[in-house]
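S.K.: quick check, what structure comes out for this input:
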Amino acid sequence: PWARIAGSALLAAVLRDPSASPEMRASAVASAVRGQSPPPVAETVLWLRAEAELARRGQPGIDRAGARAAADAVRASAGGDPSLMLADADFLQATGDPSGSAAVIDRVLASSAVGSETWFEAKAVQIEATARTDPVRARAMLDQVRALAGGFGSGPAAGRLAQLERSLRTSAPGGGAS
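M.R.: From the prediction side, this is the model:
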């Protein structure tokens, strides 16, 4: 129990520090989660996100296998928590499993109301992945989001979708909007 308390205190300190690196976040979350059965959902989400950020930067993970095992344990006990599923999709995409990520995103989209924050975040992840290989299709997907939901929403995913739109517009053939 004292190790869990110490791990939680370390995690809280790291999360309060805006200059904490992804390595620091992953290490702190790993120590807070290890040994808990089942692992807490929120901390497991943080762990997956930190490991995904490290993977996107091309840096070695702190304990990617541990993050994966914690996610599996949470899923077995808590089912399909949307925040866990979105973090899992991000982790899978970042660690080189785009088909696994796409399958998770499809499940999130199927279980989320169109226009909900969860739906917008899932669409952002889906379109970001598509943009890497097919920018034309990604632009069409953004148009579909706007048509289905009346825009990009107002939560955190709205900024991601708007940034995607800007980057896809500048990557259009000829440099202009499509």
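S.K.: which SS class is residue 52?
M.R.: helix (DSSP: H, G, I helix; E, B strand; the rest coil).
S.K.: and if you look at the one 10 residues further on?
M.R.: The three-state label for residue 62, taken from three-state DSSP, comes out as coil.
S.K.: count of residues packed around it?
M.R.: Per other Cβ atoms under 10 Å, the neighbour tally for residue 62 reads 21. Bear in mind the C-beta positions are built from the backbone N, C-alpha and C, glycine included.
S.K.: same check on residue 164?
M.R.: Count around residue 164 with other Cβ under 10 Å applied: 22.
S.K.: need the contact list for it.
M.R.: Shown in contact with residue 164 (Cβ atoms under 8 Å, 6 or more residues apart in numbering): 124, 127-128, 131, 138, 142.
S.K.: alpha carbons of the helix or strand that contains residue 147, in PDB - could you do that?
M.R.: For residue 147, the host element (DSSP states H and E) is helix 135-149. Below are the C-alpha coordinates for helix 135-149, written out as PDB (Å, rounded to 0.1, in the frame of the first residue of the first chain):
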ATOM      1  CA  PRO A 135      -4.600  13.200 -48.000                       C
ATOM      2  CA  VAL A 136      -7.400  13.500 -50.600                       C
ATOM      3  CA  ARG A 137      -9.500  11.000 -48.700                       C
ATOM      4  CA  ALA A 138      -8.700  12.700 -45.400                       C
ATOM      5  CA  ARG A 139     -10.000  16.000 -46.800                       C
ATOM      6  CA  ALA A 140     -13.200  14.300 -47.800                       C
ATOM      7  CA  MET A 141     -13.500  12.800 -44.300                       C
ATOM      8  CA  LEU A 142     -13.200  16.300 -42.800                       C
ATOM      9  CA  ASP A 143     -16.000  17.500 -45.100                       C
ATOM     10  CA  GLN A 144     -18.100  14.600 -43.900                       C
ATOM     11  CA  VAL A 145     -17.500  15.400 -40.200                       C
ATOM     12  CA  ARG A 146     -18.500  19.000 -40.900                       C
ATOM     13  CA  ALA A 147     -21.700  17.900 -42.700                       C
ATOM     14  CA  LEU A 148     -22.700  15.300 -40.100                       C
ATOM     15  CA  ALA A 149     -22.000  17.300 -37.000                       C
END
